[in-house]
Structures are given as C-alpha cells and as structure tokens.
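*Asks:* What follows is a predicted structure for the sequence shown.
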Amino acid sequence: MVVNCGAIITFMKIRLILAALLIGGTLQAQSIYQIQGQAAASPYLGQAVSTRGIVTGVHAAGYFIQEESLEWSGIYVFDSVNTPDVGDEIELTATVEEYFEFTELKTVTAYTVLSSGNELPAPILLSTNEVIDEAYESVLVRVQNAICTNNNLGFGEYQVNDGTGACMGDDLLFPHTLDNGITYNLTGPLYY
C-alpha cells in the first residue's frame, strides 16, 4: 500500500486553516456605543456584529434598540422577519450599514429575545435644535413645548419648533396628526 504523505499533510493543513478561520471568525459582542463609533459612519461598516438592547420602537420594516439613556446608545435594525415588542431585550447578529448616513443593522442572521416587559431607557430631553445631532441617532429623545409650524410636509412628516430652531417629526411608529399652532411634547427614537 502506497500512502501519499503530501496529500495527508495538505489535508491536515486545510483542516487547521479551516479551524483557525472558524475560531478567528467567532463574533465578539459589540455594544451599540461601539457600533455607532461616535462619528458619522460606523467603524464596523460592512461587518457582521453581535449586540443587544431594549426595543424602544417597532414598525413593519424594523425596530430601534437601545442600551441606556446616553448619546450613541441606540441603533435601528432594518428587519421585517423578526417582530419584537417594545420592551423586549433582544440579542442579534447583523451587518452594519449606512443608509443615507443613518447607521443601521441589516441582514439579521441570529435573533433571540432575552426578556420581555423591560422598562425603556429614559428619553433624553433635547431642544428641537439639538435633535439634529448625530450622537442622538436612534436614541429615545423627548422635545417639550414645541409648536407645530407645519403639519403637512408630506409622507406623514411635520415640523415643530420650541424656539431654538425647527425640526421634523413623522408618523413612522405612531399614526397621528398635529395641528398648526398647537404646542406638543413629543417622545420617540430619533430617526434621521
């Protein structure tokens, strides 16, 4: 019997390389703060990440998750397959994408509900001028005493101003209609 030692060694090298790839390819969990990266674009752009958070808002094409009541602690998940409830703590693996400079997780490959009925992170109180800050992207925020200056910008969008500068809102999560000239307190995840 003739044994080809070269073929056996090559086969063993391939197995070792494959094992190294599997071990090296294991995803380390990232915090949402790390994924957001404190910049306009995520440092994980195009990469698969694993993270967890509390669901703060849900609609047909996705949901928002957040770790705590701090800047850079929320992210949007573009996912029409899984349907969590607000207050669920979830863990997921997905790919980081930028959609018109909006950081989101897409192509969810793993999804687990860890617990339900959790208290939401407290909304961060901001002026209407401050909500344009990238640091609050997908974070649960609240504006108070904002007067509706235009209730029909199209596509369910409206404009409000608390005297510091105008910002837009929309009916993405909650269908509603605002009246011009009326003062509102608004709470929700910051979207764009």
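*Replies:* Ah, there it is. Residues are numbered from 1 along each chain as shown.
*Asks:* Just the C-alpha atoms of the helix or strand containing residue 184, please, in CSV.
*Replies:* If you go by DSSP states H and E, residue 184 is part of strand 183-189. The C-alpha coordinates for strand 183-189 follow below in CSV (Å, rounded to 0.1, in the frame of the first residue of the first chain):
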residue,chain,number,x,y,z
THR,A,183,-47.8,73.1,21.4
TYR,A,184,-46.7,69.5,21.8
ASN,A,185,-44.4,67.3,23.9
LEU,A,186,-43.0,64.6,21.6
THR,A,187,-41.1,61.4,22.6
GLY,A,188,-39.6,58.8,20.3
PRO,A,189,-36.5,57.3,18.8
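*Asks:* who does it pair up with?
*Replies:* strand 140-154 (antiparallel) (DSSP bridges).
*Asks:* what's downstream of the partner strand, the next helix or strand?
*Replies:* Using DSSP H and E, the first helix or strand after strand 140-154 is strand 157-161.
*Asks:* per-residue confidence averaged over that following strand?
*Replies:* Mean pLDDT, computed over strand 157-161, is 96.
*Asks:* can you check stretch 100-119 too?
*Replies:* Average pLDDT, stretch 100-119: 97.
*Asks:* pull the CA atoms of it into CSV?
*Replies:* The C-alpha coordinates for stretch 100-119 follow below in CSV (Å, rounded to 0.1, in the frame of the first residue of the first chain):
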residue,chain,number,x,y,z
PHE,A,100,-28.1,58.0,3.7
GLU,A,101,-25.7,58.5,6.7
PHE,A,102,-28.0,56.7,9.0
THR,A,103,-26.3,53.8,10.8
GLU,A,104,-28.4,50.6,10.9
LEU,A,105,-28.1,46.9,11.3
LYS,A,106,-29.3,44.8,8.4
THR,A,107,-29.4,41.2,7.3
VAL,A,108,-30.1,39.7,10.7
THR,A,109,-28.6,36.2,10.9
ALA,A,110,-29.2,35.5,14.6
TYR,A,111,-32.0,36.8,16.8
THR,A,112,-33.0,36.0,20.4
VAL,A,113,-35.5,37.6,22.8
LEU,A,114,-33.7,37.5,26.2
SER,A,115,-36.6,39.0,28.2
SER,A,116,-39.8,40.9,27.8
GLY,A,117,-41.7,43.8,29.5
ASN,A,118,-38.5,45.7,30.4
GLU,A,119,-38.6,49.4,31.3
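*Asks:* This completes my enquiry, with thanks.
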